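S.K.: Sharing a model prediction with you, sequence too.
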Amino acid sequence: MNEEQIFALLTGNVVYLLGALLLIVIIIKGVRIVPQSEKHVVERFGRLHSVLGPGINFVVPFLDVIAHKISILERQLPTASQDAITRDNVLVEVETSVFYRIVQPEKTVYRIRDVDAAISTTVAGIVRAEIGKMDLDDVQSNRNQLIATIKASVEDAVDNWGIEVTRAEILDVNLDQATRDAMLQQLNAERERRAQVTRAEGQKRAVELSADAELYAAEQVAKARRIQADAEAYATEVVAAAIKENGLEAAQYQVALKQVEALNALGKGEGKQTILLPANALEAFGDAFKMLKGGK
């Protein structure tokens, strides 16, 4: 083998080697593996060509360039504070935090330069506008509604940037010292009012219970009297029935018996005693003895 053949062989091997290297470079340049958490923006001749999603992608080597690698993970803006004035002219300091993610990188990279700054400015303006429509009490009590309104407004404002607002939070609403003092005085006054109302209701309840007790006692006394009256009426009916059945003599006999028993009781008293009776009483006792004798 002469020198020319050796040179030709070497030249052919170099060509093959260069071809193989070129093929390897083309494969490397043409295949793009995108991570799950990213999207890649591809430019061709300086213009937007396509957006590569997660996984294996193919591009044209030396023509297509990966211009931007955009993370699609959820992001949190730094906590921001902005002053706002409520509808009832109270100055408040609102601390907010916003979470977002990029869903259309081609809009984000070509329509806005500083995404975080743009969203922060938008949120500050919306918060001031929304709080200006509400009284301080509404801001404190309807925080969830305010957050939902702010989130919806921010979503509408940043939609043109290819951004999705996933969450908006109002971390705190701070008041100036004068307003705090005034609210504290109002709170103490409200507590005192409630305490007075509670005491008044307690006194009212005590009076009601006392009146109920007196009414119950009166009802029981009336019930006892009614029972006693019913018993007396029943006894009278029994006596009347006896008189009707045995005649007037039986009644007179009972009266005479009681008179004699009373006279015997007086006679059995201790010591010496004098009993003065009217004349007609003696006649009555005489009649009683006669009836008793006749009754026997």
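M.R.: Cool, the structure landed. Numbering: from 1, shown residues only.
S.K.: hey, let's count contacts and neighbours off CA atoms from now on
M.R.: Fine.
S.K.: number of nearby residues for residue 106?
M.R.: Look at residue 106: counted by other C-alpha atoms under 10 Å, it has 21 neighbours.
S.K.: Show me which positions of the helix or strand harbouring it end up buried.
M.R.: With secondary structure defined by DSSP states H and E, residue 106 is part of helix 105-111. When burial is assessed from 16 or more other C-alpha atoms under 10 Å, helix 105-111 yields the following buried residues: 105-106, 108-109.
S.K.: Which helix in the chain has the most residues?
M.R.: Using DSSP state H to define each element, the chain has its longest helix at helix 177-246.
S.K.: Redo the buried residues of helix 105-111 as JSON lines? Include distance to residue 42.
M.R.: Conversion of these to JSON lines gives the following (distance: C-alpha to C-alpha, whole Å):
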{"residue": "105", "distance to residue 42": "11"}
{"residue": "106", "distance to residue 42": "9"}
{"residue": "108", "distance to residue 42": "14"}
{"residue": "109", "distance to residue 42": "11"}
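S.K.: Out of these, which is nearest to residue 85?
M.R.: residue 108 (32.5 Å; C-alpha to C-alpha).
S.K.: Give me the neighbour count for the closest residue to that closest one other than its chain neighbours.
M.R.: Distance criterion C-alpha to C-alpha, 6 or more residues apart in numbering; nearest residue to residue 108, sequence neighbours excluded, is residue 161 at 5.0 Å. Other residues lying near residue 161 total 21 when counted by other C-alpha under 10 Å.
S.K.: Model confidence score at residue 161, please.
M.R.: pLDDT for residue 161: 92.
S.K.: Residue 138 too?
M.R.: pLDDT, read off for residue 138, is 84.
S.K.: Which element, helix or strand, includes it?
M.R.: Residue 138 belongs to helix 136-141 when assigned by DSSP H and E.
S.K.: contact partners of stretch 149-169?
M.R.: The set of residues external to stretch 149-169 that reach it, using C-alpha atoms under 8 Å, 6 or more residues apart in numbering, is 74, 96-108, 111-112, 119, 122-123, 126-127, 130, 147-148.
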